[in-house]
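Peer 1: got a predicted structure here, sequence first:
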Amino acid sequence: MKRLEEKIAVITGASEGIGFQVARAFAAEGATVALLARGQEKLEEATQRIREEGGSCMSLPCDVGSTPQMQGAFEQLLARYGRIDVLLNNAAVAVPGDIVDDSDEEWNHLLNINLLGVFRGIKYALPSMLKQQKGSIINMASVQGDRSWDHWTTYAAAKGAMKAATRQLAGQYGPQGIRVNCISPGAIDTPMNQKRAAEEGPEFYEACKRMHALGRMGQENEVNGACVFLASDESSFVSGIDLSVDGGLLVLPRS
Ligand SMILES: NC(=O)c1ccc[n+]([C@@H]2O[C@H](COP(=O)([O-])OP(=O)(O)OC[C@H]3O[C@@H](n4cnc5c(N)ncnc54)[C@H](O)[C@@H]3O)[C@@H](O)[C@H]2O)c1
């Protein structure tokens, strides 16, 4: 039996990067995956690829920053499948900023997607999980919730708040069989970082290598194992943790 057989798994931000790789891994482990992301074209390509690989997959264009879109997407998912077993809150934007120069609009934009997007996912998935007295919620945080990097205050604050919310919800809903955990990747070579590299130049990749004990960046699919573990019943007694998938970044002094 595959590790996610018969599970319905919803992944936000699943059209590329970490979310897409995890969706492939979930499908390969037997889950039916529902991909949520903004860009219709990439979403269709991702869905097609997973189906070609033999996976069971559907997709819904949805902006996690929009309450009506998130509510509508979860209503459609529940109408189709009747339940949600796994929710991976993965969608986020990486926008640097400066506490002095940033406007309220810039703060609100990032927090609305990276933090409130996670709240929305949980709000609309929880009732179904509570009905079945079982569910696994995984929030994609970051080592940036624990470390200081200049000009990333708002992004780091959203990730730090997500870790606090994870512990809070794990405590509150544990008695009803809901597990809530987060994962903190180090620097992973995804479109998010490829965009940063294009803006910051080749030194970006060198700095990324130096910051990990393993001396390299993570590959796109290297967060899959942690996600499959937390989604599956193998982690049935694991709740409220922050699982680092960071190549040993946190054990090194900041360079
Ligand atoms: N790449 C890294 O080094 C790294 C490190 C730590 C944490 N993370 C976290 O991992 C997650 C995935 O990162 P990634 O590097 O794969 O990013 P990515 O930019 O490569 O992919 C992000 C995905 O999220 C989607 N998305 C963005 N905004 C959205 C919105 N408003 N609504 C719906 N979908 C939206 C995009 O369409 C895309 O599918 C994020 O939460 C990120 O903060 C990434």
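Peer 2: Looks like it arrived, so ask away. Residues are numbered from 1 along each chain as shown.
Peer 1: ranges for the strands of this protein?
Peer 2: Under the criterion DSSP state E, the chain contains strands at 8-12, 32-37, 56-61, 86-89, 135-140, 178-185, 242-245.
Peer 1: what are the pairing partners of the second one, and which direction each?
Peer 2: Applying DSSP bridges to the sheet, strand 32-37 is found paired with strand 8-12 (parallel), strand 56-61 (parallel).
Peer 1: could you say which of these is packed most deeply?
Peer 2: Of all these, strand 8-12 carries the top mean neighbour count, a mean of 27, counting by mean count of other Cβ atoms under 10 Å. C-beta coordinates here come from the backbone N, C-alpha and C atoms, glycine included.
Peer 1: what average pLDDT does it get?
Peer 2: The average pLDDT for strand 8-12 rounds to 99.
Peer 1: same thing with stretch 210-223?
Peer 2: 97.
Peer 1: and the contacts of it?
Peer 2: Contacts of stretch 210-223 with the rest of the structure, by Cβ atoms under 8 Å, 6 or more residues apart in numbering, involve 17-18, 20-22, 24-25, 140, 183, 185-190, 193, 205, 208-209, 245-249, 251-252, 254-255.
Peer 1: which ones are touching Ala197?
Peer 2: Ala197 makes contact with 204-205 under the criterion Cβ under 8 Å, 6+ apart.
Peer 1: how far away is it from the ligand?
Peer 2: Shown here: Ala197 relative to the ligand, a distance of 11 Å by Cβ to the nearest ligand atom, to the nearest Å.
Peer 1: residues of the stretch 51-200 of the chain that sit close to the ligand?
Peer 2: Residues of the stretch 51-200 of the chain that fall close to the ligand, judged by Cβ under 6 Å from any ligand atom: 63-65, 90-93, 113, 140, 142, 185, 187-188, 190-193.
Peer 1: how distant is stretch 103-121 from the center of its chain?
Peer 2: Here stretch 103-121 is found 15 Å from its chain centre; the criterion is Cα atoms, centre = their mean, to the nearest Å.
Peer 1: ok, now stretch 244-255?
Peer 2: The chain centre lies 20 Å from the centre of stretch 244-255; the measure is Cα atoms, centre = their mean.
Peer 1: kindly export it (C-alpha atoms) in PDB.
Peer 2: Listed in PDB are the C-alpha atoms of stretch 244-255, where the atom choice follows Å, rounded to 0.1, in the frame of the first residue of the first chain:
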ATOM      1  CA  SER A 244      13.800  22.000   9.300                       C
ATOM      2  CA  VAL A 245      14.800  20.900   5.800                       C
ATOM      3  CA  ASP A 246      17.700  23.300   5.600                       C
ATOM      4  CA  GLY A 247      20.900  21.500   4.800                       C
ATOM      5  CA  GLY A 248      22.100  22.300   8.300                       C
ATOM      6  CA  LEU A 249      21.700  26.100   7.800                       C
ATOM      7  CA  LEU A 250      20.500  26.700  11.400                       C
ATOM      8  CA  VAL A 251      23.600  25.000  12.900                       C
ATOM      9  CA  LEU A 252      26.000  27.400  11.200                       C
ATOM     10  CA  PRO A 253      26.800  30.900  12.400                       C
ATOM     11  CA  ARG A 254      25.400  33.600  10.100                       C
ATOM     12  CA  SER A 255      28.000  34.300   7.400                       C
END
